[in-house]
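S.K.: I need the structure of the sequence given here:
(chains A and B)
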Protein chains: 2
Amino acid sequence: MSATTYHDTRLDARFGATRFAARGRADVLPAQRLLSGRIVRTPVVRSEELDRRAGARIWLKAENLQRGGSFKLRGALLAVSRLAGDGASGVIAQSTGNHAIAVALAARDNALPAVLVLPPDVSPGKLDAVRTAGGEVVLEGANPAERSAVVERLRAERGWAVVDPWEDPDVVAGQSTASAELIDQVWTAGGALDTIVVPVGGGSVLAGACLASAGLGIDIVGAEPAAVPALTEALRAGRPVAVPVRPTIADGLRPDIIGRLPFEICRTGVSRVITVDEAAIADALCLALLHARLLVEPAAATSLAGALALLDETDNEARDVGVLLTGGNVDPALVARLLGERDSRAGAA
Amino acid sequence: MSATTYHDTRLDARFGATRFAARGRADVLPAQRLLSGRIVRTPVVRSEELDRRAGARIWLKAENLQRGGSFKLRGALLAVSRLAGDGASGVIAQSTGNHAIAVALAARDNALPAVLVLPPDVSPGKLDAVRTAGGEVVLEGANPAERSAVVERLRAERGWAVVDPWEDPDVVAGQSTASAELIDQVWTAGGALDTIVVPVGGGSVLAGACLASAGLGIDIVGAEPAAVPALTEALRAGRPVAVPVRPTIADGLRPDIIGRLPFEICRTGVSRVITVDEAAIADALCLALLHARLLVEPAAATSLAGALALLDETDNEARDVGVLLTGGNVDPALVARLLGERDSRAGAA
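M.R.: Got it, this is the predicted structure:
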């Protein structure tokens, strides 16, 4: 799929609207309208303590409070609803977890069966959530390429439709609504974002941020674990490339390659990419929990860590920084461990 | 102060309004107007998993996301702003923590100094928060009576004004706005509360819930730790009585006696009181964290535990239950311990 044709015209038919432009904000409001009442307009949370540390106003978009525990429901609902309308008899998706939860919920909302292909080491909480939402689970494939092969096999066997987490234009349009809401909410609250920091997995929500902010003069910054620098390497290579994956607690950001469609949008829409190490991700998770009182997963903490790193730079002049806290599906044992380690360090200090 | 004169007419002057009735909803909208833009209109959070467990729709009012980490800022801002307008040169308050944080913040907002009297075993996080807000701290007095004696001594020495956490009508009017927002927010979202569950410490926010819900046919239910059944015993005695305090993790609910003004409002406004044990409080804290992704303190978890106990009764017919999650100032080590214990039990099961 080329970069200039990612918009799916079937969405237009639903609105009786004219054809959208291929690369701007035109997808965003229609997506918001379709999703209205079916997703949570998640709150934007402030913390005086975080602001003090950062030396700027931090606006946390709490997508951990979204149905299914992450922003992924936005894109999945648009995509699955369209597939249901087109007569699909079931849906298939591969995921590290959150896209699978979202597709399972969206399928349930549309009375369709869903099968989800997850890595064998999927976070136990995410696995439970997929099953609670009624999804059938196949545990196979350590990376997107391996899981996509399983998806193809299932498609051939069952004839169901595939909901790609990155290459589907409906998904990217859906994800854009998270940033669009954030921009609106900050504006309404008297701020004016100069920067939005977004974590990078397959890239769909970062691409969505680019669409939502187009023309507004807002810097879109990607944050990725140093362990999986897929966007950094893609920008260097000029195309998506698979990177070696080192261990990271950010299980949601383990895809070793950025999607083609997100990359085409991000390569021009993103101002810069920041990589953060594991300690910074763990610290940011604890900061979000203790100062913003929000439980976020490490993938979401990666964007807060990126924002804090950005604001720590001496020449940074950002004043209103949006942070997309993308999800909150994290295992209790990990949270207990990170808090315990933090407490031990505080005791030793 | 008698129960029929708790309304302070100085508030009227600020609005140029007529005198309010002494016992109804009349205080609530003026309090909301005064607080508008100075506090957070905290979100109401849902969780499909909590709803499923409860067999009802649970609407969580996330006052843990309030400035200062609890609802207490609402009443403190009204009271301290009025005292500042009346020419006070400083403010004094006693508290288990959250009222102190709130008074320190409200004093800072009004450019007044504040001294806060806290129990020697105050939660370390709350102590830090009081100091970060610029409050001077005196650690003395295990219970309200002992701390009030210290407050009197400080008042005599400094001539500053006292902000009582329970007996001040401005405080109760301020606390009412939390429930008023909750009722509005649920209505806007398509629900209609039949019950609101509120934790009981000194009783100000429970009394506020009675004011906000007056005439609406909503059952107001108090939830208190079995370790400190101050409202249960007060209702039995027909007046506030000090109860023996057994250990509880709900440090915010340790006052051994309910306030006189809150009691006068609650004795007729409250439908019933539920006591919950320590295990139920700990479990509810983990449920709020893992399913609603909100970090709440044990006092706030007490109301969720109360709601779940209520909904577990076979003859209960509540369908839309509001839960006031009153605060989120909790020590990381306690959260790590509760999560760890939960994880161990899950592993053993």
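
S.K.: Point out the residues in the stretch 51-200 of chain A that sit beside chain B.
M.R.: A:62, A:64-65, A:67, A:69, A:125, A:132 (C-beta under 8 Å from any C-beta of the partner chain). Just so you know, the C-beta spots here come from the backbone N, C-alpha and C atoms, and that holds for glycine as well.

S.K.: Most neighbours of all those, which one?
M.R.: In terms of neighbours by other C-beta atoms under 10 Å in any protein chain shown, these top out with A:G69 at 33 neighbours.

S.K.: Please tell me how far that one sits from A:H99.
M.R.: According to C-beta to C-beta, to the nearest Å, A:G69 and A:H99 sit 12 Å apart.

S.K.: Same question for A:D219.
M.R.: Applying C-beta to C-beta to A:D219 and A:H99 gives a distance of 26 Å.

S.K.: ditto for A:G201
M.R.: 9 Å.

S.K.: So between those two, which is more surrounded?
M.R.: Comparing A:G201 with A:H99 by neighbour count (other C-beta under 10 Å), the higher total belongs to A:G201, at 32 against 29.

S.K.: doesn't A:D256 make contact with that one?
M.R.: No: using C-beta atoms under 8 Å, A:G201 makes no contact with A:D256, being 10.2 Å away.

S.K.: For these two, list the residues in contact with both.
M.R.: Residues touching both A:G201 and A:D256 by C-beta atoms under 8 Å, 6 or more residues apart in numbering or on different chains: none at all.

S.K.: How confident was the prediction at A:H7?
M.R.: Here, the pLDDT recorded for A:H7 equals 43.

S.K.: Would you list the phi and psi of the residue nearest to A:A142 when sequence neighbours are not counted?
M.R.: Excluding its sequence neighbours, the residue lying closest to A:A142 (C-beta to C-beta, 6 or more residues apart in numbering or on different chains) is A:P119, at 5.5 Å. The phi/psi pair for A:P119 (degrees, to the nearest 10) reads phi -70, psi 150.

S.K.: Now do A:P119: how many residues are near it, please.
M.R.: 20.

S.K.: A:P262 now?
M.R.: For A:P262, the neighbour count with other C-beta under 10 Å is 31.

S.K.: what about it, which SS state?
M.R.: With DSSP: H, G, I helix; E, B strand; the rest coil as the basis, A:P262 sits in helix.

S.K.: Chain B versus that one, what's the distance?
M.R.: As for A:P262, its distance to chain B is 26 Å (criterion: C-beta to the nearest C-beta, to the nearest Å).

S.K.: which residues does the closest residue to that residue other than its chain neighbours contact?
M.R.: Once flanking residues are discounted, A:P262 sits nearest to A:G203: 2.9 Å by C-beta to C-beta, 6+ apart. Going by C-beta under 8 Å, 6+ apart, A:G203 touches A:166, A:231, A:258-259, A:262-263, A:266.

S.K.: Save the residues you listed as a markdown table, and put in secondary structure and pLDDT too.
M.R.: What follows is the contacts of A:G203, written out as a markdown table (DSSP: H, G, I helix; E, B strand; the rest coil; pLDDT from 0 to 100):
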| residue | secondary structure | pLDDT |
| --- | --- | --- |
| A:W166 | coil | 92 |
| A:L231 | helix | 98 |
| A:I258 | coil | 96 |
| A:G259 | coil | 95 |
| A:P262 | helix | 95 |
| A:F263 | helix | 96 |
| A:C266 | helix | 96 |
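
S.K.: For chain B, state which of those is nearest.
M.R.: A:W166 (24.8 Å; C-beta to the nearest C-beta).

S.K.: Where is the longest helix in chain A?
M.R.: The residue-count maximum for a helix in chain A (DSSP state H) belongs to helix A:169-188.

S.K.: CA atoms only: put that one into CSV for me.
M.R.: The C-alpha trace of helix A:169-188 is given here as CSV (Å, rounded to 0.1, in the frame of the first residue of the first chain):
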residue,chain,number,x,y,z
PRO,A,169,-5.9,2.8,7.5
ASP,A,170,-9.0,2.5,9.8
VAL,A,171,-6.7,1.5,12.6
VAL,A,172,-4.5,4.5,12.1
ALA,A,173,-7.5,6.8,11.8
GLY,A,174,-8.9,5.4,15.0
GLN,A,175,-5.7,5.8,16.9
SER,A,176,-5.5,9.5,15.8
THR,A,177,-8.5,10.3,17.9
ALA,A,178,-6.5,9.8,21.2
SER,A,179,-4.2,12.7,20.2
ALA,A,180,-7.0,14.7,18.8
GLU,A,181,-8.9,14.5,22.2
LEU,A,182,-5.7,15.4,24.0
ILE,A,183,-5.1,18.5,21.9
ASP,A,184,-8.8,19.6,22.5
GLN,A,185,-8.7,18.9,26.2
VAL,A,186,-5.5,20.8,26.8
TRP,A,187,-6.8,23.7,24.8
THR,A,188,-10.1,23.7,26.8
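
S.K.: can you give me the mean pLDDT across it?
M.R.: For helix A:169-188, the per-residue pLDDT averages 96.

S.K.: Return the list of helices and strands in contact with that helix.
M.R.: helix A:28-35, strand A:44-45, strand A:57-62, helix A:72-85, strand A:195-199, helix A:204-213, helix A:260-269, strand A:320-325 (3 or more C-beta pairs under 8 Å, 6 or more residues apart in numbering or on different chains; DSSP states H and E).

S.K.: if we look at the fifth one, which residues are touching it?
M.R.: Outside of strand A:195-199, the residues within contact range by C-beta under 8 Å, 6+ apart are A:179, A:182-183, A:205-206, A:209, A:213, A:218-224, A:250, A:252-253, A:271, A:274, A:299-300, A:302-304, A:306-307, A:310, A:318, A:320-324, A:326.

S.K.: of those residues, buried ones?
M.R.: A:179, A:182-183, A:205-206, A:209, A:213, A:218-224, A:250, A:252-253, A:274, A:299-300, A:302-304, A:306-307, A:310, A:318, A:320-324, A:326 (16 or more other C-beta atoms under 10 Å in any protein chain shown).
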